[in-house]
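J.: Could you work out the structure for the sequence below:
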Amino acid sequence: MHSSHDNSEQRTAALGIPKLGSAVVGMSVMLCLMFMGMMHDFRSAGLTHDQLLEQTLDEMNRFEQDVTAAYPERKAAFVLSAVLAAYCLATAPGGVRIGSPLLAALILAALAWTCASWFWSIDQGKTARELVRITVYFGLAVGLAVRYDLAEICSIVFLTSAMTVAFACGHEVVFGSARELDNTWRLAGSLHPNPLGRFTAMVAIPALAYARVAKERRWLWLLILGASLLVIALTKSRTALACCVAGMAMVYVLTPGWRKLALQGAVALTVVGAGMIFFGVGGSAVLKTSGEVVTMGRHDKVGSLTGRLPLWEALLERSESRRVQGFGFGAFWTADNNESIAEQVSWIPGHAHSGYVETLIGLGAVGLTLMLLILLLSTSRMCYWAMAYDSTPCRVLAAVMVAAIINTMTEGGFALPRELAIFSMMFAAAASLRYAPGESKERAAEPARVAPVWGPVGLEGGA
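T.: The predicted structure follows:
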């Protein structure tokens, strides 16, 4: 006779959901509240784009002059992140061991280099504040990685993102948003459209993966997927759309068996060939219509990536004398530098709008190299687990990591401490641990066996 708990677990497995226990749901709610205080803007409803930029600059200048002048919700979010970090680290199971010493060493080296940047920072006070913040966020990321297994982490990412998107969209319905953003209406709510698109992509990718394995109510996941794609379309965030499509493609690519991969490759080539024929027959009218679709109806400086190329050129020119070590972590974007760069590119950036360029100007070529190595090794390790164990949670996390890598090219969301850097560090920390799909945390504490640095350690079989 099966207990209600067993029946619940069987039903959860049938729906394709990794794990939705009370601990996972509770942590997701807390993280959603943290992101609400950290990223959401409750003061810009109805403001124009210029008014919004002026408000953002005023906030930056006020905080630079007095760190206690931050908005109450920002302070509360930071305190909550510290509390969550302490909780996760205090309640983590004992004995979880490192699975990839190389990846762990790279993470520690990156953290050490970040801290060392205080010595050559152009604004040591600003760097010191950023170091306090990134240390707390790193503690939370590591705490989440050791407190929860990969399936639970997958659920936390999905639920946190889904609740964040729901709240932002609800705010849009009730209060509206800046109607002149980028000279066109874009869905934003309490977030900027680009972060909203990033969070929505982290809903769409798991929804697609779960729909493929769900044995019951598959329509529910397809409905969530469709709603997510609609939200991304309404944000008109091209980067979010690109990384979402890449992530969903990875869900199919990370499928065991060469026959499936060959079939997927054949389908992809067929689609490309059909597209070339379509464009060739349709002529300029089709190309013009396709251009409208690709730019999502936005014509604002498309050739310069919405002003990013001039910004990157200006930043690379400014950082030429500090190419190796950078200006110090978080130190470059002072009020003076922000105004100077704004005059040069004719708009107010606030940050580099590329996680890689941001890392280069803050931590130099050394910091950027460490970042790229961590991304490469952690992503390849997660991809290995997804293929070797045919694990849906690992497939989702690997796909999200690939999407994050692409998004970081033209956005800073997954690299900036005030945004989704917590998730990025959590993915890397989780990839460095020993256990993989099908392995309990107790087994993860057993002595490790020899295995490649990109694969699982001490495993004889998978789920």
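
J.: Packing partners of the host helix or strand of Ala110?
T.: Per DSSP states H and E, Ala110 falls inside helix 101-116. Here helix 101-116 touches helix 124-147, helix 355-389, helix 421-432, going by 3 or more C-beta pairs under 8 Å, 6 or more residues apart in numbering; DSSP states H and E. For glycine as for every other residue, the C-beta is placed from the backbone atoms N, C-alpha and C.

J.: My read is that Ile134 contacts Thr114, right?
T.: Yes: between Ile134 and Thr114 there is a contact under C-beta atoms under 8 Å: 6.7 Å.

J.: returning to what we had before: okay, buried residues for the helix holding Ala110 please.
T.: 103-104, 106-107, 110-111, 113-114, 116 (16 or more other C-beta atoms under 10 Å).

J.: Ser190 contacts Phe167, doesn't it?
T.: Yes: assessed by C-beta under 8 Å, Ser190 is found in contact with Phe167 at 6.7 Å.

J.: Which one's more surrounded, the two?
T.: Neighbour count, other C-beta atoms under 10 Å: between Ser190 and Phe167, Ser190 has more, with 23 against 19.

J.: how close does Gly362 sit to Ala110?
T.: Separation of Gly362 from Ala110 (C-beta to C-beta, to the nearest Å) stands at 12 Å.

J.: same deal with Leu20?
T.: Leu20 sits 33 Å away from Ala110, going by C-beta to C-beta.

J.: Summarise which helices and strands the strand or helix carrying Val174 is packed against.
T.: Using DSSP H and E, Val174 sits within helix 150-175. If you count contacts as 3+ C-beta pairs under 8 Å, 6+ apart, helix 150-175 packs onto helix 22-39, helix 124-147, helix 193-213, helix 218-235, helix 392-410, helix 421-432.

J.: relative to helix 22-39, how tilted is that helix?
T.: Per axes from the mean of the first three to the mean of the last three C-alpha atoms, to 10 degrees, the angle that helix 150-175 makes with helix 22-39 is 50 degrees.

J.: Next, the buried residues of helix 150-175.
T.: For helix 150-175, the buried set under the neighbour-count rule, 16+ other C-beta under 10 Å, comprises 150-169, 171-172.

J.: How far off centre is it?
T.: 13 Å (C-alpha atoms, centre = their mean, to the nearest Å).

J.: Now do that helix and helix 218-235, the angle between them.
T.: Using the same axes, to 10 degrees: helix 150-175 against helix 218-235 is 50 degrees.

J.: which of the buried residues of helix 101-116 lies closest to Arg97?
T.: Ala104 (10.1 Å; C-beta to C-beta).

J.: how about the closest one, what does it touch?
T.: 98, 432 (C-beta atoms under 8 Å, 6 or more residues apart in numbering).

J.: separation between it and Ala386?
T.: Using C-beta to C-beta, one gets 21 Å for the distance from Ala104 to Ala386.

J.: Any stretches of the stretch 51-200 of the chain with poor pLDDT?
T.: Within the stretch 51-200 of the chain, the segments meeting pLDDT under 70 span 51-57, 59-69, 176-183.

J.: Kindly recompute the last result at 80.
T.: Filtered on pLDDT under 80, the stretch 51-200 of the chain yields the residue ranges 51-71, 94-96, 175-185.
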